[in-house]
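Chemist: for reference, the sequence and a predicted model appear below.
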Amino acid sequence: MTFVMGPALLFCPADRPERYQKAATRADAVILDLEDAVAPADKQRARGAILAQVGATGDEPELDPSRTIVRVNPAGTEEFEKDLHCLAHTPYRTVMLAKAESAGQLEALGDYQVIALCETAAGVLNAPAIAAAPNVVALMWGAEDLLATLGGTSSRKDDGGYRAVALHARSSVLLAARAFGKEAVDAVYVNIPDLAGLAAEAADAVASGFSSKACIHPSQAAVVRGAYAPSEAEVTEAAALLQAARAAGSGVFQYNGKMIDGPILKHAEAVIRRAGRHPAQPGA
């Protein structure tokens, strides 16, 4: 099974099965959360809810395994073992490992594609080793859990921007993921009503190289998708640049008064790919 990593990944509490389909239809992939979104007393019921909808049809059909992620509890915990026992009876083979801290933790998930959530100091520092694990398909970073492990109180300043340590972690996880050819997922934006702030942060995620951004409310998914979808003008400009490069036939050339080289062409190719086309297609 090939997992589809679209731009908007939406968390859904696993103990709220009535929300599964809504989350799946609003986003590119749904993350059934067995960790932070579920109270300790409700975790077994949440696992039961996942099992109950497997094979279901009608008003609440089974989720598409290629667009479903299950966030499991941290490795080494009793809840983690129970989560794995539950998943063995489902078709879901993409998991998000909460509080991933070492490559060794990935061994217990050898049968799964893993999105490793680096949200502790150890996780961020070990991000390169985690990214190198063969069953890891993506890294994600988490801001608030990280600051909690540091003894801090907030990942953001009064103006809404990230503190320096959070920005360092964000960059570190992105670089580690891309260095090993893995996808990179940006952290959630917790101020749900502030869609303008989310749009700005999602646009920065696109420009920085993140392949996806996680969401915590259905209203956020459309904003993230909008940030990742290039405008017609951007697609036209990128296609024209790539056509000019093919006509020039050289590594470096001038275009509209600017020097164009390999990195600039890669930027244009990324725009074309985000538009759902291949850079080598006619017109691209």
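Modeler: Received it, and whenever you're ready, just let me know what you need.

Chemist: remind me which helix or strand the residue nearest the centre of the chain belongs to.
Modeler: By CA atoms, centre = their mean, the mean C-alpha position of the chain lies nearest to Val185, the distance being 3.0 Å. When elements are assigned from DSSP states H and E, Val185 belongs to strand 183-186.

Chemist: next structured bit after that strand?
Modeler: Downstream of strand 183-186, the next assigned helix or strand under DSSP H and E is helix 195-208.

Chemist: could you give the number of residues near Asp158?
Modeler: Using other CB atoms under 10 Å, Asp158 has 6 other residues around it. From N, CA and C alone the C-beta is placed, and that goes for glycine too.

Chemist: now do Phe80
Modeler: For Phe80, using other CB under 10 Å, the count is 20.

Chemist: quick one: contacts for it?
Modeler: Residues in contact with Phe80 (CB atoms under 8 Å, 6 or more residues apart in numbering) are 72-74, 108.

Chemist: who wins for neighbours among those?
Modeler: With neighbours taken as other CB under 10 Å, the top of the contacts of Phe80 is Val72, carrying 29 neighbours.

Chemist: which stretch of helix or strand covers the residue nearest to that one when sequence neighbours are not counted?
Modeler: The spatially closest residue to Val72, leaving aside those adjacent along the chain, is Asp83, at 4.0 Å (CB to CB, 6 or more residues apart in numbering). Applying DSSP H and E as the criterion places Asp83 in helix 78-87.

Chemist: what mean pLDDT does that helix have?
Modeler: Across helix 78-87, pLDDT averages out at 97.

Chemist: please state the offset of it from the chain centre?
Modeler: Remark: helix 78-87 is offset 22 Å from the chain centroid, using CA atoms, centre = their mean, to the nearest Å.

Chemist: what is the neighbour count of the residue nearest to Val72?
Modeler: 25.

Chemist: one step back: just the contacts of Phe80: which are in strands?
Modeler: Among the contacts of Phe80, DSSP state E puts Val72 in strands.

Chemist: between the contacts of Phe80, which is nearest Ala268?
Modeler: Val72 (38.8 Å; CB to CB).

Chemist: and that closest one, what's its pLDDT?
Modeler: 98.

Chemist: what do you get for His267?
Modeler: Per-residue confidence at His267 stands at 68 (pLDDT).

Chemist: just Gln281 next, same as before
Modeler: 48.

Chemist: got it, and Gly257?
Modeler: 77.

Chemist: strands along the stretch 101-250 of the chain, start to end?
Modeler: If DSSP state E, counting those that start in this stretch is used as the criterion, the strands of the stretch 101-250 of the chain fall at 113-118, 136-141, 183-186, 212-215.
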